[in-house]
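> pasting a predicted model and its sequence here:
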Amino acid sequence: MLGPDIPSYEEATSRPASRNDAGPQGDSSRQEAEERAGLLGQPNSNYRRPTVQDARNSEDSLMGFVRPRRSSDESLHREMQQFEVMDPQGVHAETGGRSLSRSSRRAYHQFQKQLSIIASSVSSKFQLPRVNWRWRWNWNWKWPSCGIPSISCMKYVEFLLPYYRLFAVFFVIMIVYALLASDLFNFRGRTFLGQVFDPASVQNYAVNHVKVEKIQHYLEYLTSFGHIAGTEGDRALGKYIEEEFMSFGVDVVDTEDYHVLLNYPKKDGRSLSIIHPKNQAWTANIEELDTQGMAEHPHVFYGYGASGMVQGRLMYAGYGRLEDYSLLQKSGVNFTGAVVLVRQDGSIPDLGMVVKNAERAGAIGCLVGSGDWEAKSAIGGGDMVVRGSVALMSQVMGDVLTPGYASKQDARTISKKGNLGLVNIPSLPISRNNAMHLVKTLEGFGSPIKLDGEKSKLPPLWTGNDSSPIIKLDNVLVDKPKQKITNVFALIRGTEQPERQVIIGNHRDAWCWGASSPNSGTAVMLEVARLFGEMMTFGWRPLRTIVFANWDAGKYNRVGSTEWVEDHADDLRRNGMAYINLATAFSGNTFTASGSPALESVLLKTLSRINDPNSKAPLHDLWGKRKLPGLGAAGDYGAFQHFAGMSSIDIGFKSPNDHTGTGVVDSCYDTYSLLTMTDPNLDYPFVIAQILSLLILELADSSNMPFNMTNYATSALAWYSDLDSYVTEKSSVEKQKLDLKPLKDAVELMQKNMPIFDDKIQEWTHDEGDESFIEFDGSVSAIHRISHNARMANFEHHLVEEEGLWGREWFKHVLMAPKRDNGHGITYFPSIRDAIDAGDWSAAQENVKKVAKRLVAATDKILN
């Protein structure tokens, strides 16, 4: 049995999906090779050991243990017996035949193991050597004794008493020194009870003990029923993940609830039809058809969509970009009062802006056609429907009724009317087949046109006109303004800086089954958390606290993660070190990443050690010389990077062709069976688990945080150069001037200071290029090293403008933000660009000064 009973749904959810696929089979040859090797010194072929550590000849295992992957309970028991985690006779002999619960057995075995470690450590460290002395002392000396005390005897005792005391003090000092020198009771992460944890060996152990069968197990259950945010299915998965976290033996498992706006489709409240002319009357089947042997699907709708019933003439607007509407309107096309049809697979994957652009053009409704319109064999026979959210993520993230503060039960809410995060016209995703039927009905109305930049191989499509067929769109949605959502956390407490946190996040809710997005990421995160819990049983601990976070309501507008960040923003700005996002572990075969420039070096280091599952080449070589792109608002990283100013990164395997990867993300065709047909051995999720493990260990367990601030300065210079070119172009057209010298000086200061700061790391290393064995005492150098780490982590915190960006107060990072008209895109120096685009050059000049001042202050703080 995979997990708890699968829940049923009355609305917005469905019965469990049937499974015809038996699941992926492991690569038997690879497993056999590992079994024959019996050593972690012969790692998985996708893993390349770090060359910087080779000279040290460190053992390729955690504490020297050999633990190849096994799947059967029998082999697991043998392994536990071998490592003295489980007694071959069981625990009944030691417990008088009493039966212990799972948690009790875990505690009993761990206590027994630690007791054994203590005993062996003490005996090995304090056992006196045997020496064959050439002579022996014959001790006949006796302590002076007194019968009834006499005056002379008392004087003798009083004379010796200070010497007794001095000897006792000296003896205690020597014992304490011996204990400290032996490092027996070092609780600071590298040594515990005499066992030394070489960071390189810890990393090797983690990479070679990822279990693909566990990822398969988690993924199969996570995708076995619908789990739209706030529904029974979503709550069931939250409980499942909480229980799994608890079984891993981490330090803390906790949940945190918020009460947010969510909406759901009303039963029988959605329809789409042609009502005029009568000879073209037609009613669409708006739900996805059962083409893969699955049960009834969750309903088709857009999260945070506007509720309403409208009718108007049908018009076509290409990809729904601003330039599309501009070109068509210049050609005389009038969208006022129309229901607009657009294509989804264009350059704007931000559905909210697609609908907003239609609204601005005067439309009263918007239909978005899913998938590839020109595919010869469309997925699902053309009946696939890609859902999503139409929240305006580039304006505000999270619960749109509580922008900037957490949605607690009693939190005040703002009105939906005039809300910056919401669209105001009804919209509906439709299948390719339905879209092509509507396109065909437009033939002969308006003029055929192929919009500039349109990649379609289809013939020019008709725009429609005032005589176009009349469309009736019903889209009745029910608002739940205080719907409960739950985030789930697992925490591994750090030893050197427990207050400092490295957070790994992934949301669990999906519009349907959610195999590739988000649950391939959820399954990988669960496996890595399990693996780290396993390492804890050996006594390992990270230097900094690791938090695994499973967010709720991510699909609506990254709601769960954003509310939590808003709730804990002050603490995150003090103690947050880095955030790793894992929304989609696998939806294609190309490794993709985006994030803060500070994290580029550690990413490239990690990629040099892992091979691509297909080509077997190091991922670093496939990545090439590309710079790490910045972050928009399309992931749970948004609130961390743009609101809290916490350096963040997003990783995954996707398709380079479009933002949906396999083309089925956010549809009910994103199933376990389809994913495992695409990747039968789950090689790509397996590799992402290896990458994630290494990134976590680099960030949470390296003596020096692996940030590269020189990279940040280099990126800032490139961003400035691009801005300078943009200003030159715009100012010549609009006959305006903008003085960028304050910003140029600030960027040049970064170029000067950041390399000096990065070079300071050599002051705390014993050997050139070796950062693994830095002393963890209270010396001045250790204090400087900890301060160095804090300064790096705080740099982006200092780039946060509390007042927010110009025109977009929710976003606060002065160097990076999503594009104003596309939440999936990235813009640099956003306040300056936004003001220029709005034609407010005086505001642009004011923001040049403000951003430059903020950048200079952050640069000074990191060095001084």
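Arrived safely, thanks for sending.

> hmm, residue 206 is touching residue 531, no?
Yes: Residue 206 lies in contact with residue 531 (Cβ atoms under 8 Å); the separation is 6.0 Å. C-betas here are computed from N, CA, C, even on glycine.

> what touches both of the two?
Counting by Cβ atoms under 8 Å, 6 or more residues apart in numbering, the common neighbours of residue 206 and residue 531 are residue 693.

> enumerate every residue touching the residue most central in space within the chain.
When the chain is reduced to its mean C-alpha position, the nearest residue by Cα atoms, centre = their mean turns out to be residue 581, at 1.4 Å. Residue 581 makes contacts with 505-506, 635-637, 648-651, as judged by Cβ under 8 Å, 6+ apart.

> can you get me a residue count around residue 360?
Around residue 360 sit 12 other residues, with neighbours defined as other Cβ atoms under 10 Å.

> pLDDT weak spots in the stretch 251-400 of the chain?
Counting by pLDDT under 70, the ranges of the stretch 251-400 of the chain that qualify are 290-296, 345-348, 375-378.

> which ones are touching residue 614?
Counting by Cβ under 8 Å, 6+ apart, residue 614 has contacts 589, 683.

> redo that, cut-off 10 Å
With contacts defined as Cβ atoms under 10 Å, 6 or more residues apart in numbering, residue 614 is in contact with 589-590, 622, 679, 683-684, 687.

> now the two most distant members of these.
The two members of the contacts of residue 614 with the most space between them (Cβ to Cβ) are 622 and 679, at 17.2 Å.

> in the stretch 251-400 of the chain, which spans are strands?
Counting by DSSP state E, counting those that start in this stretch, one finds strands in the stretch 251-400 of the chain at the ranges 252-276, 282-283, 302-303, 308-316, 339-343, 365-369, 388-389.

> right, and the helix or strand after the last one?
From strand 388-389 onward toward the C-terminus, using DSSP states H and E, the following helix or strand is strand 427-430.

> could you list which of the contacts of residue 581 belong to helices?
Assigned to helices by DSSP state H, the following of the contacts of residue 581 qualify: residue 637.

> any chance of the contacts of residue 581 in TSV, plus distance to residue 279?
Below are the contacts of residue 581 laid out as TSV (distance: Cβ to Cβ, whole Å):
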residue	distance to residue 279
505	54
506	51
635	48
636	50
637	52
648	56
649	57
650	51
651	54
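
> ok, which of the strands of the stretch 251-400 of the chain comes nearest residue 411?
Scanning the strands of the stretch 251-400 of the chain with Cβ to Cβ as the criterion, the closest one proves to be strand 252-276, at 7.5 Å.

> pull out the buried residues from the closest one.
Taking 16 or more other Cβ atoms under 10 Å as the neighbour-count basis, strand 252-276 is seen to contain the buried residues 253, 256, 258-266, 269-270, 272, 274.

> just stretch 353-364 next, same as before
Neighbour-count burial for stretch 353-364 [16+ other Cβ under 10 Å]: 353-359, 361, 363-364.

> now for those: which two are most distant?
The largest separation in these, counting by Cβ to Cβ, is between 353 and 364 at 17.7 Å.

> can you pull out the low-pLDDT segments for the stretch 551-700 of the chain?
Low-confidence segments of the stretch 551-700 of the chain, defined by pLDDT under 70, are located at 656-662.

> all helices of it, in order?
Under the criterion DSSP state H, counting those that start in this stretch, the stretch 551-700 of the chain contains helices at 554-557, 559-567, 569-575, 600-607, 619-623, 637-638, 672-678, 683-701.

> how far off centre is the third one?
The chain centre lies 18 Å from the centre of helix 569-575; the measure is Cα atoms, centre = their mean, to the nearest Å.

> and that helix, what does it pack onto?
Based on contacts counted as 3 or more Cβ pairs under 10 Å, 6 or more residues apart in numbering; DSSP states H and E, the elements that helix 569-575 packs against are strand 497-507, helix 559-567, helix 780-795.

> the last one to helix 683-701, inter-axis angle?
Spelled out, that is helix 780-795. Angular relation of helix 780-795 and helix 683-701 on a 0 to 180 degree scale: 130 degrees, by axes from the mean of the first three to the mean of the last three Cα atoms, to 10 degrees.

> run the angle between helix 780-795 and strand 497-507 for me.
Using the same axes, to 10 degrees, the interaxial angle of helix 780-795 with respect to strand 497-507 works out to 30 degrees.

> ok, the second one next?
Here the directions of helix 559-567 and strand 497-507 differ by 150 degrees (the same axes, to 10 degrees).

> report how many residues lie close to residue 675.
Residue 675: 26 surrounding residues under other Cβ under 10 Å.

> got a list of what it touches?
Residues counted as contacts of residue 675 (Cβ under 10 Å, 6+ apart) are 21, 24, 219, 223, 513, 515-516, 519-520, 586-587, 662, 664, 682, 684-685.

> at 6 Å instead, please
515-516 (Cβ atoms under 6 Å, 6 or more residues apart in numbering).
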